[in-house]
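# sequence and predicted structure, then a few things I'm wondering about:
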Amino acid sequence: MDIRSLSLMVVEDQAVQRQVAVGMLRSLGVSAIHEAADGYQALDALRAAPESPDVIVCDLRMPGMDGIEFIRHLGESKSASSIILASALDPTLLSSVEAMARAQGLSVLGTIPKPLSRDRLGELLGRFERPDLLGPNAGQPRASANELEEAIADGQIVAYFQPKLHVEDGTIAGAEALARWHHPRRGVVGPGEFIPLAEECGLIDALTWVMLEQSMDELNTWRRAGQDWAVSVNLSLPYLEYNGAADRIAGLAERHGVDPRHVVLEITESLASANLAPVLGNVARLRMKGFGVAIDDYGTGYSSLKQLASIPFTELKVDQTFVHNAKGNRQREAILASSVELARRLQLVSVAEGVETQSDLSVLETLGCDLVQGFLFARPMAAPDFAAWAEI
Ligand code: C2E
Ligand code: MG
Ligand code: MG
């Protein structure tokens, strides 16, 4: 995405600071810039404009309507604009407002401490993606169960692969398979839209199956290229509630000639609502057969210490909310450090997901985290693109 083609709005009460921001944006090549001196002015301008700006750079402390109130209005009106929060406030406060904005469904590119830096502004703008490329395919009608069922049968569900790298030397440890729907009309649809649907309407078994098959095929491609990388596949809890799940996965591995030690199964959701006995039985059996099992999104509401105590995990994936922009944020750094330490003491492989910047990576190097995954290295890619990226 060329940032010069973006349309921007700067909401800032201090005229001088507003001019500084506008000047920096111009020097980055942005020409479509709208200015507003507070939340009221900004909302009026947004209502009057035929299209919302791509990105709104918003100050938090403003007389009249402050940034927090302004963001609440944006959330209520389901604004399609992405947000950059700028403020001289304490970084903890800034990230709490960031979380608030995300909780309202807004897309937040990041926060920027004042005085503004041109490099940071450019970096955040570089993260912008057109809303129609985002996961939930905003504005599109939701898919139906029938459509998804046909898509699975028709091979439209495609495994993309995102590399996991050793922190120590940057070499590839493996890749996570992430589902994408190659939709004939809508292009590439992200999992946020169809995984919950698949779970609701009993299609998750079929979907997981095609993901496992493609992942094991890919594993064999890597093996033929002389690489002993591991593949990680996400398992929904409903899939593990079926008593025969572990045996089916093991059977598939055997048919593919795949060594279970090269397959990691990632489990995200809370066990609280699950039919516990078959899930625990399946996980124990998978471990006995040599598969790896990861606790995904560790630290979020779904993945807890209780889970760690009851399941024989081999890998702990710290959720991206504690990884990205951890540097300088006391809470995130503490949670990240204690998660990596916990993994070490439990003898689990520690993985940080959502590594987007060099500074995210340097924190993890200091903490001694084992593996990293994130946009800094590569986005999830279709199998041929992954092979090209990995030079095999
Ligand atoms: P997850 O398993 O935690 O996967 C990581 C998600 O983080 C992926 O989103 C990935 O594209 C994204 N990600 C990776 N690096 C970065 C980064 O540096 N910054 C940011 N902002 N994001 C990053 P994706 O592919 O949209 O998948 C979302 C979730 O959907 C997955 O979260 C997983 O829970 C679920 N999912 C995906 N594929 C499958 C599947 O085959 N089966 C099941 N049951 N769930 C799946
Ligand atoms: Mg995962
Ligand atoms: Mg995750």
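Done, it's in. Ligands and ions are numbered 1, 2, ... in the order given.
# wouldn't residue 27 be in contact with residue 118 here?
Yes. Using Cβ atoms under 8 Å, residue 27 is in contact with residue 118, at 6.5 Å. Quick note: C-beta positions are derived from backbone N, CA and C, even for glycine.
# show me what from the stretch 51-200 of the chain comes close to ligand 1.
Counting by Cβ under 6 Å from any ligand atom, the residues of the stretch 51-200 of the chain close to ligand 1 are 135, 162, 178-179, 190-192, 195.
# so where's this protein uncertain?
Low-confidence segments of the chain (pLDDT under 70): 131-141, 269-273, 301-303.
# show residues contacting the top helix by length along it.
As far as residue count goes, and with DSSP state H defining each element, the longest helix of the chain is helix 204-224. For helix 204-224, contacts defined as Cβ atoms under 8 Å, 6 or more residues apart in numbering pick out 148-149, 152-153, 155, 157-159, 161, 175, 177, 179, 194-195, 198, 228-231, 233-236, 238-239, 242, 249, 252-253, 256-258, 262-263, 383, 386-387, 392.
# hmm, the helix or strand following it in reach of ligand 1?
Counting by DSSP states H and E, the element after helix 204-224 in chain order, helix or strand, is strand 230-235. Yes. Under the criterion of Cβ under 6 Å from any ligand atom, strand 230-235 makes contact with ligand 1 via 234-235.
# that older thread, among the contacts of helix 204-224, which are located in strands?
For the contacts of helix 204-224, the ones inside strands are 157-159, 161, 175, 177, 179, 230-231, 233-235, 263, with DSSP state E as the criterion.
# what subset of these is also close to ligand 2?
Counting by Cβ under 5 Å from the ion, residue 234 from those sit close to ligand 2.
# about what we covered before: ok, residue 27 and residue 118, which is more surrounded?
residue 118 (14 against 11; other Cβ atoms under 10 Å).
# tell me which residues in stretch 73-81 are buried?
Of the residues in stretch 73-81, those with enough neighbours to count as buried (16 or more other Cβ atoms under 10 Å) are 73-75, 79-81.
# and the end-to-end length of stretch 319-336?
Across stretch 319-336, the straight-line distance between its terminal residues is 9 Å, by Cα to Cα, to the nearest Å.
# show residues contacting it.
Judged by Cβ under 8 Å, 6+ apart, the contacts made with stretch 319-336 from elsewhere in the structure are 91-92, 95, 99, 110-111, 297-300, 303, 318, 339, 352-357, 359-360, 362-364, 367, 374.
# so the chain: which segments form each domain?
Residue ranges for the domains of the chain, per automatic domain parsing: 3-128, 141-389.
# which of the residues in stretch 228-244 are buried?
Counting neighbours by 16+ other Cβ under 10 Å, one finds that the buried residues in stretch 228-244 are 229-240.
# ends of it, what's the gap?
The straight-line separation of the ends of stretch 228-244 (Cα to Cα) is 28 Å.
# strands of the stretch 1-150 of the chain, start to end?
Secondary structure of the stretch 1-150 of the chain by DSSP state E, counting those that start in this stretch: the strands cover 7-11, 32-36, 55-59, 82-87, 107-113.
# which parts of the stretch 251-392 of the chain are strands?
According to DSSP E, counting those that start in this stretch, the strands that the stretch 251-392 of the chain contains are 263-267, 292-298, 315-318, 349-353, 371-373, 381-382.
# output those as TSV; include the columns distance to ligand 3 and mean neighbour count.
Rendered in TSV, the data for the strands of the stretch 251-392 of the chain read as follows (distance: least, Cβ to the ion, whole Å; neighbours: other Cβ atoms under 10 Å):
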stretch	distance to ligand 3	mean neighbour count
strand 263-267	7	24
strand 292-298	4	23
strand 315-318	6	27
strand 349-353	5	26
strand 371-373	9	24
strand 381-382	17	16
